[in-house]
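Peer 1: here is a sequence with its predicted model. Questions after.
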Amino acid sequence: MVSAVQDMPAGEAGRDPVIKLEVRDLAIRYGSTTAISGINLEVRENEIFGIIGPANAGKTSFLKTLNRMNDFTSGMSVDGEILFDGINVRDVRNVYALRNRIGVVFPLPVGLPLTIYENVAFVPRLRGIREKAELDVIVERCLTRAALWDEVKDRLDSLGSLLSGGQQQRLTIARALSQDPELLMLDEFSIAVDPVTTMRIEDVLKELKHEMTIILVTNLVQQARRLADRTAFFLEGECVEIGATEDLFTGKVQDSRTTDYIEGRFG
């Protein structure tokens, strides 16, 4: 296992990068079965941090711990520290406030049984925003940032479930953005999305990283190469390696398993 911090360039103009998320000695178990162990890594502010690895590597289990989604999973135990802006998420009492700061987009679109407009306005309403003019601004901004506004602006009162699969996934992203998250996690967002829509969402993510930090879990190694500033390779519950993405894809690796996976020799 490699250190999460070695061989990493300093921040812009030589400044040390701001660490948004730090994970120390994380271990996850389901009953007596260990899903991941010994995970140590840092995610920097305003970067896209990629996580690649085959099925059952522990990637989704890892994401669940970051905004306490593991609270919903019976029999899942977590050890170690997860520091978000220096605060251990396991010590946070207001979990709902934490989840407002850490948004998530799942592999398959999870639409609410509401109109397109209300799908995006749902969270702002929960936060106490009632003025329609203010909600209108939020809905348009989030749908625009998710590259969906031009396609749906004339049918905002239609059910979100009537959209195509790719449009529903972008609606899910718009709803996540309505929280104004500081960290956005995407778990295989393109698994049910056509290639053209995938590229549109990737363009959106490149712009969003200037406003927030993004963690991208993907089985598509070339997607990680296109998007991620740095990438972690997970295998069998271990973080094998972390490095600048282009370094990993050009053979500058510390573990041959990383190259074997990237070049398709297994997985």
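Peer 2: Arrived safely, thanks for sending. Residues are numbered from 1 along each chain as shown.
Peer 1: just the strands in the stretch 151-267 of the chain please.
Peer 2: Using DSSP state E, counting those that start in this stretch, the strands of the stretch 151-267 of the chain run over 183-187, 213-217, 230-235, 238-244.
Peer 1: could you check how far the second one is from the centre of its chain?
Peer 2: When you say that, I think you mean strand 213-217. Offset of strand 213-217 from its chain centre (CA atoms, centre = their mean, to the nearest Å): 4 Å.
Peer 1: next up, phi/psi of Val120, please.
Peer 2: Backbone dihedrals for Val120, given as degrees, to the nearest 10, come out at phi -80, psi -30.
Peer 1: my understanding was that it contacts Ile138; is that so?
Peer 2: Yes. In this structure Val120 lies within contact range of Ile138 using CB atoms under 8 Å: 7.0 Å. C-beta here means a position set from N, CA and C on the backbone, and glycine is covered the same way.
Peer 1: so which of the two has more stuff around it?
Peer 2: Ranked by neighbour count (other CB atoms under 10 Å), Val120 and Ile138 place Val120 first, with 28 against 19.
Peer 1: who touches that one in this structure?
Peer 2: Contacts for Val120 (CB atoms under 8 Å, 6 or more residues apart in numbering) come out as Ile138, Val139, Cys142, Leu143, Leu171, Ala174, Arg175, Ser178.
Peer 1: closest one of these to Ser190?
Peer 2: Leu171 (14.8 Å; CB to CB).
Peer 1: where does the stretch 1-150 of the chain dip in pLDDT?
Peer 2: 1-14 (pLDDT under 70).
Peer 1: where along it do the helices fall?
Peer 2: Counting by DSSP state H, counting those that start in this stretch, the stretch 1-150 of the chain has helices at residues 59-66, 95-101, 116-126, 132-145, 149-152.
Peer 1: buried deepest among those helices, which one?
Peer 2: helix 59-66 (a mean of 22; mean count of other CB atoms under 10 Å).
Peer 1: just list what that one packs against, helices and strands only.
Peer 2: With contacts taken as 3 or more CB pairs under 8 Å, 6 or more residues apart in numbering; DSSP states H and E, helix 59-66 sits against strand 19-30, strand 33-44, strand 76-84, strand 183-187, strand 213-217.
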